[in-house]
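J.: What would the 3D arrangement of this be:
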Amino acid sequence: MRYMFLKHYVGLVAMVCCTAPALSQDQVLVESKQTRVTSLDFEAELMRIPLEHRAEVLASKARIAKLLENLLINKTLAAQARSAGIDREPLISKQIELASDKLLAQEQINRVTKAVTIPNFDARARELYQIDIEKYTLPAKVHASHILVDAKSRTPEEAFQRIRQVREQALGGKKFEELALEYSDDPSAKGNKGDLGFFEEGKMVKPFSDAAFAISSPGEISEPVKTIFGFHIIQLHEKQPKQVRSFEVVKEKIIQGEREKYLNEFRTSLFGGILTDPSLKLNEEAVNRFWTNLDAKSGDVKPSEINKPEATKH
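T.: Reported below is the predicted structural model:
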């Protein structure tokens, strides 16, 4: 069916496959004997897709066709359900109502939140930066390679002597990566030749991390280091000291965090106002009928414990 759309709705694709404003009228895009899919249906469905992905969808004929296909299937099945009277069944009818309530509630939150006047957080951002500058400091890193000799198939003494011999070869001028391929018991050495890339202090087991960060010069090779994995030698490639990111670099991120915090507090206040409405009445007896706790006692449910708006309608 998707290929039918691609073949017969090239004009439709050209019409909607763009980021221009919504169509000015509700045009029929696809129709059958049972239902029709309109441009408003399409745009409403498109709104369900995260904003950052919509342009990607609209740039693909296949994805537009798939969207139309799903709309047609859903609307056809829904029309059949209405003809059978399913939408008039009490529980189904209530589920439809609740789904509508949920959509409207979310849209109300979005609109009310969008209308909030957000304070200027420039001064607050600088204050937070100065109070906790360590938070905006990039930790020191080292780029290193290692060779591991484990004691799984040999005694600890044999493993220690083996890693010493490998180190002597490295100090004698043999390439570290070649030695890693030949001697390392680290399974990843076959792919990375012992190169661990950059890592921060404390990201490796402590004896290994301490030894790696203790090496002072690039190219230097450590003494054998014992860890839970066996014996290692480590070659330092590069050191990056910790760097304090400037306020200008992190300013917008700090401000964004404060804006989100402000809006979250606004939403919490909004919900709190609903849950503490003086006109709120709880039909405790009716609510307790849903409680499956056989040991529950009357009076255990309090209005403040109910956080679902629909429960406050009694």
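
J.: What ranges does the protein have for its helices?
T.: Along the chain, counting by DSSP state H, helices occupy 2-8, 10-16, 39-46, 51-58, 61-83, 90-114, 122-131, 156-171, 176-183, 189-192, 206-214, 247-275, 284-288.

J.: quick one, domains of this structure?
T.: When the chain is parsed with automatic domain parsing, its domains come out as 2-88, 140-241, 283-314.

J.: The first one: how far from the chain's middle?
T.: Here domain 2-88 is found 28 Å from its chain centre; the criterion is C-alpha atoms, centre = their mean, to the nearest Å.

J.: any idea which residue sits dead centre in the chain?
T.: P50 (13.2 Å; C-alpha atoms, centre = their mean).

J.: State the pLDDT value of F290.
T.: If you check F290, the pLDDT there is 88.

J.: what's the spacing between it and F160?
T.: 68 Å (C-beta to C-beta, to the nearest Å). Quick note: C-beta positions are derived from backbone N, CA and C, even for glycine.

J.: List the buried residues in stretch 250-260.
T.: Buried residues in stretch 250-260, defined by neighbour count with 16 or more other C-beta atoms under 10 Å: V250, I254, I255, E258.

J.: give the contact list for the third one.
T.: So that's I255. The contact partners of I255, by C-beta atoms under 8 Å, 6 or more residues apart in numbering, come to F121, D122, A125.

J.: at 10 Å instead, please
T.: I255 makes contacts with I118, N120, F121, D122, R124, A125, L128, as judged by C-beta atoms under 10 Å, 6 or more residues apart in numbering.

J.: and what of the first one?
T.: Applying C-beta under 10 Å, 6+ apart to V250 gives the contacts A125, L128, Y129, I133, K135, Y136, V244.

J.: One more: the last one?
T.: Listed by C-beta under 10 Å, 6+ apart, the contact partners of E258 are I118, P119, F121, D122, R124, A125, L128.

J.: Point out where the protein drops to low pLDDT.
T.: Regions of the chain meeting the criterion pLDDT under 70 cover residues 1-24, 293-314.

J.: Kindly list the longest strand within it.
T.: strand 230-240 (DSSP state E).

J.: Kindly export that one (C-alpha atoms) in CSV.
T.: The C-alpha trace of strand 230-240 is given here as CSV (Å, rounded to 0.1, in the frame of the first residue of the first chain):
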residue,chain,number,x,y,z
GLY,A,230,47.5,-9.2,36.4
PHE,A,231,50.7,-7.2,35.7
HIS,A,232,50.8,-4.2,33.3
ILE,A,233,53.3,-1.9,31.8
ILE,A,234,52.0,1.5,30.7
GLN,A,235,53.3,3.9,28.1
LEU,A,236,52.2,7.5,28.2
HIS,A,237,51.4,9.3,24.9
GLU,A,238,50.0,12.6,26.1
LYS,A,239,48.8,14.5,29.2
GLN,A,240,46.0,17.0,29.3
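
J.: F290 and F160: which has the busier surroundings?
T.: F160 (17 against 8; other C-beta atoms under 10 Å).

J.: So the nearest residue to that one once chain neighbours are set aside versus A159, what's the distance?
T.: For F160, ignoring the flanking residues on the chain, the nearest one in space by C-beta to C-beta, 6 or more residues apart in numbering is F231 at 5.6 Å. Note on F231: its distance to A159, by C-beta to C-beta, is 5 Å.

J.: Same question for E43.
T.: Distance, E43 to A159, by C-beta to C-beta: 68 Å.

J.: Neighbour count: these two, which is higher?
T.: A159 (21 against 13).

J.: how about that one, what does it touch?
T.: Shown in contact with A159 (C-beta under 10 Å, 6+ apart): L148, V149, D150, A151, K152, S153, D185, P224, K226, G230, F231.

J.: Among those, name the buried ones.
T.: The neighbour-count test (16+ other C-beta under 10 Å) marks L148, V149, D150, A151, D185, P224, K226, G230, F231 as buried among the contacts of A159.

J.: What is the nearest of those residues to E168?
T.: Each of the buried ones among the contacts of A159 was checked against E168 using C-beta to C-beta; the closest is P224, at 10.9 Å.

J.: surely I163 meets F229?
T.: No. Between I163 and F229 there is no contact under C-beta atoms under 10 Å: 11.7 Å.

J.: Need the overlap of contacts for those two.
T.: Common neighbours of I163 and F229, using C-beta under 10 Å, 6+ apart, are L148, V149, D150, D185.

J.: Give me the subset of those lying in strands.
T.: Filtering the shared contacts of I163 and F229 for strands - DSSP E - leaves L148, V149.

J.: quick revisit: who wins on neighbours among the contacts of V250?
T.: A125 (20 neighbours).

J.: mind listing what that residue touches?
T.: Applying C-beta under 10 Å, 6+ apart, the residues contacting A125 are F247, V250, K251, E252, K253, I254, I255, Q256, G257, E258.

J.: In space, what's closest to it - neighbours in sequence excluded?
T.: I254 (4.1 Å).
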